[in-house]
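A.B. asks: next one to model:
(2 chains, ligands or ions: 1)
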Amino acid sequence: MTNSVPELEDADCILITGSNTTSSHPLIASRIMKAKEKGAKVIVIDPRRTHIASLADIHVKQNLGSDVAWINGLMHIILKEGWQNQSFIDERTEGFEEVKKAVEGYTPEKVEEITGIPKETLREIAEIYAKSGASSIVYCMGITQHITGTDNVKSLANLAMLTGQIGRPSTGVNPLRGQNNVQGSTDMAAIPNKYPGYQDVTNEEIRKKFEKAWGGPLSPNVGLTVVEMINAIEEGKLKGLYILGENPLVSDPDSTHVEKALEDVEFLVVQDIFLTETAKKADVVLPGASFAEKDGTYTGTDRRFQKIRKAIEPLGEAKPDWEILCMVGKAMGSKGFDFPSPKEVFDELAELTPIYHGADYDRIEKEVIHWPCKDKDDPGSPYLHKDGFARGKGLFTPIEFKPPAELPDEEYPFQLTTGRLPFHYHTGTMTRVSPSLTHEVNEAYIELHPEDAKALDVKSGGRVRVSSRRGSIEVRVLVTTGINKGVAFIPFHFAEAAANRLTNAAALDPIAKIPEYKVCAIKIEKIDGREA
Amino acid sequence: MEYQTVRTTCTYCGTGCGVLLEVLDGEVVGTLPQKDHPINEGKLCIKGWSAHEFIYADGRLTKPLIRKDGKLVEASWEEAVGLVAKKLLELKEKHGPDSLGCFSSAKCTNEENYLLQKIFRAVIGTNNVDHCARL
Ligand code: SF4
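C.D. replies: Next comes the predicted model:
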């Protein structure tokens, strides 16, 4: 997030898109509701009437995968009406002219045609967002899990820069991270092209710094992403895989393909707290510890350092994951894994990571620190881009609308989108064994619009077979007006009817390489019209 | 009876609410919100309130396992870690560093993510390191 969570409360306008905030980030949703009580306008642009959408001042259901079009449409209106923040554009950004030209064609009429958003509503949204004192954009996976995910994010940044709604408290472009430490694991370079702190593996000077610190030669080549590694196994190029605390067999799109890869890989290590579907395929399973059994830090979605503290001993012979990794490093003959506790690991990583440099365990105990935190006197940065953007000037990027990779056709006439439920968490390895959570919902279902349900002759509780070009699952039906006609929604927590058997892994965002989870074409066939 | 609360962070989502784990005689029995935490100010969602429940769930792994004759069987730490190190080094030797890769975890700590990528970058010599943030 460019801004911290508590700041949301003082925003005058909050534009939420592709985030089922009440379900995925309940305590951020409650901040948003507090802001609303204080007079903020809340706008939700989402294909489903989520809980937050039902509480919003304005909710519009855009067509799946049409985000670039409505964002360009907002900019078109803002420029036409002269609501842009010209001094911010002139002083702090570059590339404005190109974007101005690019959005010229996105007239409200054309945008209504592509997105289904009425042109009057679009104008209203543009006015509220541009003219409010502090407007904040909040988004989640609904925006990034498309072939145009990178385009969508850049478009939102264009919108914020155009109106100067960034670089001040309670403004900004704020992605909500799904899992507890997505932010920290990305910061710590669990990504193929960076060292910790977003330092390029291809930059020779930086590589030399790490070679010196880690005591050996490093690869100058960008590595493979999760999806590319799975493909590399099938091509016989990747022979060994080490999976830490992940369950890709349920979380990856197109899981039939992943299952085969995990069976085919020559050597598979899984380190987890449960014997997950993925761990069952492993050659070696190492039992890690839950958050209650170890010390360490997480980095929250707003770049805030947080301690986790050991409350109990690990169960049985399980060990804290940091300790296991040190054992593996040492067993491989390396000297760089002699850490008595996570504190010393943090000291080493903060030394090498400029944005973490000023943080240490003592400070995190006493203060709330958001990175970047450059030295011991730096209080950290609740919001980014205060006096300028990281690269100097904020760069506008002209973006054209592109339709989703897989459109409905005669054989697969419905569009499917996926998402999470309030009671479960990702693939459910933790939540599905928790009694108070499984009590709420413990079965996959498909949401259908009443007219579609009628045409298929099914009612809520009935069973249908849902198929795509990649696979097929059986689920119960939930009829709801909360979704547009022709669109269906399945939550992705349930291994026995995994929505990701249907989704389209082949379509990747060309830059971020995120698979297009959020849209694919399906057909639906009735099994039982009504629950027996 | 010995009762204490341990200040820590909810493990379910990136909001990062402050929680107190209630520990009774060495067992976690409940989760409470931290009142003075800047994010949640004394509140939690349903996942947060039940953040301790999965800790003792059936199916928790308590021993290392090794595949022998097609089946996963219990092993000692020494044997399991030794086998991991030996196989990774062997594959590196035979097929080069880029024949190996890892999926790190958005559920694990910063320190753990740092250590796993350090094993792959510094000891094995590949940048085949990713996590499921894009998923
Ligand atoms: S209590 Fe709820 S909102 Fe807070 S971190 Fe946990 S899961 Fe997220």
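
A.B. asks: quick check: closest non-adjacent residue to the residue of the stretch 151-300 of chain A found nearest the ligand.
C.D. replies: Nearest to the ligand, among the residues of the stretch 151-300 of chain A, is residue A:180, at 6.8 Å (CB to the nearest ligand atom). Bear in mind the C-beta positions are built from the backbone N, C-alpha and C, glycine included. In this structure, residue A:180 finds its nearest non-sequential neighbour in residue B:11, 5.2 Å apart by CB to CB, 6 or more residues apart in numbering or on different chains.

A.B. asks: so the one you found belongs to a strand, correct?
C.D. replies: No. Residue B:11 is assigned coil when assessed by DSSP: H, G, I helix; E, B strand; the rest coil, not a strand.

A.B. asks: in chain B, which helix or strand is least confident?
C.D. replies: The weakest-scoring helix or strand in chain B, judged by mean pLDDT, DSSP states H and E, is helix B:46-49 (a mean of 88).

A.B. asks: I meant chain A, not that one.
C.D. replies: Scoring the helices and strands of chain A by mean pLDDT, DSSP H and E places helix A:435-438 at the bottom, with a mean of 50.

A.B. asks: right, and the helix or strand after that one?
C.D. replies: As assigned by DSSP states H and E, the chain's next helix or strand after helix A:435-438 is strand A:445-448.

A.B. asks: elements contacting that following strand?
C.D. replies: strand A:472-479, strand A:487-491 (3 or more CB pairs under 8 Å, 6 or more residues apart in numbering or on different chains; DSSP states H and E).

A.B. asks: now do the last one and strand A:472-479, the angle between them.
C.D. replies: Angle between the axes of strand A:487-491 and strand A:472-479 is 110 degrees (criterion: axes from the mean of the first three to the mean of the last three CA atoms, to 10 degrees).

A.B. asks: hmm, back to that, was I right about the residue nearest to residue A:180 contacting residue B:53?
C.D. replies: No. With contact defined as CB atoms under 8 Å, residue B:11 and residue B:53 do not form a contacting pair (11.5 Å).

A.B. asks: which one of these two is surrounded by more residues?
C.D. replies: Remark: of residue B:11 and residue B:53, residue B:11 carries more neighbours, 24 against 20, as counted by other CB atoms under 10 Å in any protein chain shown.

A.B. asks: could you list every residue that touches that one?
C.D. replies: The contact partners of residue B:11, by CB atoms under 8 Å, 6 or more residues apart in numbering or on different chains, come to A:180, A:290-291, A:308, A:430, B:51, B:107.

A.B. asks: just give the nearest non-adjacent residue to residue 116, would you?
C.D. replies: Because you didn't say which chain, this covers chain A. Excluding its sequence neighbours, the residue lying closest to residue A:116 (CB to CB, 6+ apart) is residue A:63, at 4.7 Å.

A.B. asks: that's the wrong chain, I wanted chain B
C.D. replies: residue B:104 (5.0 Å).

A.B. asks: also residue B:44?
C.D. replies: Nearest residue to residue B:44 in three dimensions, chain neighbours excluded: residue B:33, at 4.4 Å (CB to CB, 6+ apart).

A.B. asks: what's around the residue nearest to residue B:116, how many residues?
C.D. replies: Residue B:104: 30 neighbours (other CB under 10 Å).

A.B. asks: ok, residue 64 - how many residues close by?
C.D. replies: Using chain A. Using other CB under 10 Å, the number of residues around residue A:64 comes to 24.

A.B. asks: my question was about chain B
C.D. replies: Neighbourhood size, residue B:64 [other CB under 10 Å]: 26.

A.B. asks: cool, and residue A:67?
C.D. replies: Under the criterion other CB under 10 Å, the count of neighbours that residue A:67 has is 27.

A.B. asks: how much space is there between it and residue A:17?
C.D. replies: To residue A:17, residue A:67 is 7 Å away according to CB to CB, to the nearest Å.

A.B. asks: can you name the residue of chain B nearest to the ligand?
C.D. replies: Taking CB to the nearest ligand atom as the measure, chain B has residue B:48 as its residue closest to the ligand, at 2.3 Å.

A.B. asks: what do you get for chain A?
C.D. replies: Closest point on chain A to the ligand, by CB to the nearest ligand atom, is residue A:27, at 3.7 Å.

A.B. asks: what residues of the helix or strand harbouring that residue count as buried?
C.D. replies: For residue A:27, the element it lies in under DSSP H and E is helix A:26-37. Within helix A:26-37, the residues scored as buried using 16 or more other CB atoms under 10 Å in any protein chain shown are A:26-33, A:35-36.

A.B. asks: center of chain B - which residue?
C.D. replies: With distances taken as CA atoms, centre = their mean, residue B:108 lies nearest the centre of chain B, 4.4 Å away.

A.B. asks: pretty sure the residue nearest to residue B:116 is touching residue B:129, no?
C.D. replies: Yes. Judged on CB under 8 Å, residue B:104 makes contact with residue B:129 at a distance of 6.3 Å.

A.B. asks: who touches both of those two?
C.D. replies: Residues within reach of residue B:104 and of residue B:129 at once, by CB under 8 Å, 6+ apart, are A:190, B:116-117.

A.B. asks: show me which of these is closest to residue A:418.
C.D. replies: residue A:190 (23.2 Å; CB to CB).

A.B. asks: model confidence score at the closest one, please.
C.D. replies: As predicted, residue A:190 sits at a pLDDT of 88.

A.B. asks: check which element follows the lengthiest helix in chain B along the chain.
C.D. replies: For chain B, the helix with the greatest residue count under DSSP state H is helix B:77-95. Toward the C-terminus, helix B:77-95 is succeeded by strand B:100-103 as the next helix or strand (DSSP H and E).

A.B. asks: now that next one: average pLDDT?
C.D. replies: 96.

A.B. asks: and the contacts of it?
C.D. replies: With contact meaning CB under 8 Å, 6+ apart, strand B:100-103 is reached by A:223-224, A:226, A:229, A:232, A:238-244, A:246, A:248, B:88, B:91-92, B:116-117, B:119-120, B:124, B:126, B:128-132.

A.B. asks: inside strands: which ones of those?
C.D. replies: Members of the contacts of strand B:100-103 lying in strands (criterion: DSSP state E): A:240-244, B:129-130.

A.B. asks: what is the burial count for residue 19?
C.D. replies: Just so you know, I chose chain A. By other CB under 10 Å, 26 other residues sit near residue A:19.

A.B. asks: that's the wrong chain, I meant chain B
C.D. replies: Look at residue B:19: counted by other CB under 10 Å, it has 28 neighbours.

A.B. asks: wait, it sits on residue B:28?
C.D. replies: No. In this structure, residue B:19 is not within contact of residue B:28 by CB under 8 Å, at 10.8 Å.

A.B. asks: pLDDT below threshold where in the stretch 1-150 of chain A?
C.D. replies: For the stretch 1-150 of chain A, applying pLDDT under 70 flags the ranges A:141-149.

A.B. asks: what residues does it have near chain B?
C.D. replies: With the criterion set to CB under 8 Å from any CB of the partner chain, the stretch 1-150 of chain A comes near chain B through A:5-6, A:24-28, A:30, A:144.

A.B. asks: can you list the residues of chain B near the ligand?
C.D. replies: By the rule CB under 6 Å from any ligand atom, the part of chain B lying against the ligand is B:10, B:12-13, B:15-17, B:40, B:44-45, B:47-48.

A.B. asks: tell me who's in contact with residue 8.
C.D. replies: Unless you meant another one, I'm taking chain A. By CB under 8 Å, 6+ apart, the neighbours of residue A:8 are A:14, A:28, A:31-32, A:35, A:136, A:138, A:170, A:174.

A.B. asks: wrong one, I was asking about chain B
C.D. replies: Residue B:8 makes contact with A:291-292, A:307-309, A:311, B:18-21, according to CB under 8 Å, 6+ apart.

A.B. asks: one more time with 6 Å, if that's ok
C.D. replies: Residue B:8 is in contact with A:308-309, B:19, B:21, counting by CB atoms under 6 Å, 6 or more residues apart in numbering or on different chains.

A.B. asks: which one of those residues sits closest to residue A:445?
C.D. replies: Taking CB to CB as the measure, residue A:445 lies nearest residue B:19 of these, at 30.4 Å.
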